[in-house]
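# only the shape, not the letters, is given here:
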């Protein structure tokens, strides 16, 4: 294993709650910057579960700084060069190539659980204190410290990062009240399975026999995305659709193929064949939930902060949820490094100042893409099929969180110390539809 780089000890102790991608990245980055970390995770054993997850080029730089991780990921990540769009009846519309994005950084897409395990093993190799089977029941802070109660034990540090996702208990200390998630009106069916049966079917074999592919079918108020990976040997698909499901008790259920096909009446036979080939035990139904955008990510004394989905849940169509959670961890590690142990609250305030505008602007891209597909006027689309393409803007993707944080952190800290307004990217106004603010939704963290 290559030698792992690390700055000298900073004397700063950090507790992170939640070992999803946001929590793991924050732990690794804090370790790189010399901070002492305790990472708490609810599950007793991390298993490589889940389906597809996508990291865009803005997070590729982060993976590349973790010694050996990219080499570990290369055999398991998706390698198609573009996304083929069709209408719901199967008529080919356009192909969006990813080649131009290579100049911005590495894209890493693949099985959520397998990628997570590589990152988890890297955190362990760095010596991060990871404690599984931990149930956090309370957060607390004073002027000089912050902590949690986990499995009945009081743990204390200089600051706490709440990274448990949309159900984070840390949101209560930030908002001052309970904030239960609400249904978004949308849900997704998801699956990941071996592609052998698809390779035997004349209508589906082109999706798997020639290596990795990425294909989408777009219809009214729903879209179906499918991808093969590992040279076409494994296959995943996602159907996003309108839903009125209740999430009071849970929002993850076993899927039913007959229910899936009810959503696909009149759709291309190849899509039905994909569903038919799906093993029943590999189909899941997720209710997408939403949170209103938060006024702050910080607790009153600024020693506890929200990161990742706990702070800013994303629609799957943004393709940015995991990447933005990683940017959070990178930024926090640097603001702590620069502010120092004597001024940890200032470091957390700097994190919020640097991240708030960018992350809210990124959130809105998911709403834009979903509406672009679900409300598509195909009479107009056939005049210019490229309107289906995902918006791949340089401000979002040609971005290195570590480089950016180091460029701006000194000025941000200076302005905060002097009580001056901090200049950050201004988030766009929330989209209005019939007088109702559009909401930001997220997929359930499959480690929760």
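Everything's here; your move. Every value quoted in this text rests on a predicted model; they were computed, and no experiment measured them. Residues are numbered from 1 along each chain as shown.

# please count neighbours and contacts with C-alpha atoms only from this point.
Will do.

# what about the strands in the stretch 251-400 of the chain?
252-254, 283-291, 304-306 (DSSP state E, counting those that start in this stretch).

# how about low-confidence regions in the stretch 151-300 of the chain?
Within the stretch 151-300 of the chain, the segments meeting pLDDT under 70 span 179-184, 244-252, 290-292.

# cutoff 50 now
Applying pLDDT under 50 to the stretch 151-300 of the chain flags the ranges 249-250.

# mind checking the strands of the stretch 251-400 of the chain for the one nearest to residue 22?
Evaluated over these, closeness to residue 22 peaks at strand 304-306, with 10.3 Å, by CA to CA.

# which helices and strands does that closest one pack with?
Applying 3 or more CA pairs under 8 Å, 6 or more residues apart in numbering; DSSP states H and E, one finds that strand 304-306 contacts strand 159-162, helix 170-175.

# make CSV from these and add mean neighbour count and distance to residue 297 to it.
Shown next, in CSV, are the helices and strands packed on strand 304-306 (neighbours: other CA atoms under 10 Å; distance: least, CA to CA, whole Å):
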stretch, mean neighbour count, distance to residue 297
strand 159-162, 28, 10
helix 170-175, 22, 7
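
# so which of the ones you listed comes closest to residue 229?
Using CA to CA, those put strand 159-162 closest to residue 229, at 32.6 Å.

# count the neighbours of residue 2 for me.
7 (other CA atoms under 10 Å).

# and it, what pLDDT?
On pLDDT, residue 2 comes in at 71.

# residues touching residue 408, list them.
residue 354 (CA atoms under 8 Å, 6 or more residues apart in numbering).

# so residue 240 belongs to a helix, correct?
No. Counting by DSSP: H, G, I helix; E, B strand; the rest coil, residue 240 is not found in a helix; it is strand.

# what bridges to it?
For residue 240, the beta-bridge partners are residue 188, residue 223 (DSSP bridges).

# please apply the same query to residue 216.
Here residue 216, judged by DSSP bridges, has bridge partners residue 85, residue 225.

# i'd like the first residue to be 230 from this point on
Will do, 230 is the new start, and the previous item becomes residue 445.

# surely it touches residue 311?
No. At 10.8 Å, residue 445 and residue 311 do not qualify as touching, with contact defined as CA atoms under 8 Å.

# between the two, who's got more neighbours?
Set residue 445 next to residue 311 and count neighbours by other CA under 10 Å: residue 445 wins out with 22 against 15.

# picking up where we left off before, of all the helices and strands packed on strand 533-535, which lies closest to residue 532?
strand 388-391 (4.7 Å).

# now residue 424, nearest residue through space, not along the chain?
residue 463 (5.0 Å; CA to CA, 6 or more residues apart in numbering).

# now do residue 633 against residue 290, distance only.
12 Å (CA to CA, to the nearest Å).

# compare those two (neighbour count), which wins?
residue 290 (19 against 12).

# quick check, the more buried one in contact with residue 337.
No. Contact criterion CA under 8 Å: residue 290 and residue 337 do not qualify, at 10.5 Å.
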